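Novice: Here is my input; please provide its structure:
(one chain, ligands or ions: 1)
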Amino acid sequence: MAKNNELIIWSNTFSCGIKLIDDQHKGLVKMVNEMFNHISGDEKQEHLYFNKIILEAVDYIRVHFVTEEKIMRFTKFKGYAEHKKEHDNFVLTVIENINAYNTGERFNLLNFTKFLKNWVLSHIAIMDKKYFEYFKKLASRKADGKLSITINDIAQCA
Ligand code: FEA
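Specialist: Next comes the predicted model:
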């Protein structure tokens with residue numbers, strides 16, 4: 001099975017220009033690629049690996065979603081509710097999958113990794129892209145053309 005391959009290669013087209021978000025998206029790409037590199041074709045071994053990393057992975061994803069959602073509220077982005085719904089549905093789907101695997105459904109790391117990859121790439125390309133464009137518009141109204149949002153800014157958002 002392929003080793004040290006990258007299922008996703010980071011591209012600047014994924015970048016929204018806010019370092020905090022770009023770093024988190026890079027972290028998601030790294031996570032998918034790490035899963036990809038643990039595909040062995042041995043169901044038991046793959047499931048053990050999956051059980052070891054999946055809760056931390058879900059936590060990482062949740063932190064990322066909360067960060068984006070706070071920034072969307074902070075910047076009064078109109079697509080917030082629709083975007084949040086997509087985040088919530090994704091987390092529910094992942095949790096349902098974990099439960100199904102733990103109660104006997106056959107586990108296949110390649111299928112799970114592909115599902116994750118496809119979701120992340122299409123979500124960034126379609127949903128996240130909408131706020132990227134909005135942020136660019138906000139940045140263009142600033143004297144320095146930059147929209148810098150930090151952890152401290154969003155910490156004030158509920
Ligand atoms: Fe709206 Fe961001 O969430 N990236 N992902 N996945």
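Novice: Spit out the contact partners of residue 58.
Specialist: 91, 94-95, 98 (Cβ atoms under 8 Å, 6 or more residues apart in numbering). Quick note: C-beta positions are derived from backbone N, CA and C, even for glycine.
Novice: Could you check which helix or strand contains it?
Specialist: In this assignment (DSSP states H and E), residue 58 forms part of helix 43-74.
Novice: if you look at that helix, does any of it touch the ligand?
Specialist: Yes. Using Cβ under 6 Å from any ligand atom, helix 43-74 reaches the ligand at 64-65, 68.
Novice: Which of the contacts of residue 58 fall in helices?
Specialist: Taking DSSP state H as the definition of helices, these contribute 91, 94-95, 98.
Novice: Buried ones among the residues you listed?
Specialist: In terms of neighbour count (16 or more other Cβ atoms under 10 Å), the buried residues within these are 94, 98.
Novice: Can you report phi and psi for the residue of the chain most remote from its centre?
Specialist: Within the chain, the residue lying farthest from the chain centre (Cα atoms, centre = their mean) is residue 143, at 31.1 Å. Here is the backbone geometry of residue 143 (degrees, to the nearest 10): phi -60, psi -40.
Novice: and stretch 100-111, how far apart are its ends?
Specialist: Distance across stretch 100-111, first residue to last, is 14 Å (Cα to Cα, to the nearest Å).
Novice: got it, and stretch 100-107?
Specialist: End-to-end distance of stretch 100-107 (Cα to Cα): 9 Å.
Novice: Would you mark the buried spots in that stretch?
Specialist: Of the residues in stretch 100-107, those buried (16+ other Cβ under 10 Å) are 101, 107.
Novice: Low-confidence regions, the protein specifically.
Specialist: Applying pLDDT under 70 to the chain flags the ranges 1-6, 145, 147-148, 150-158.
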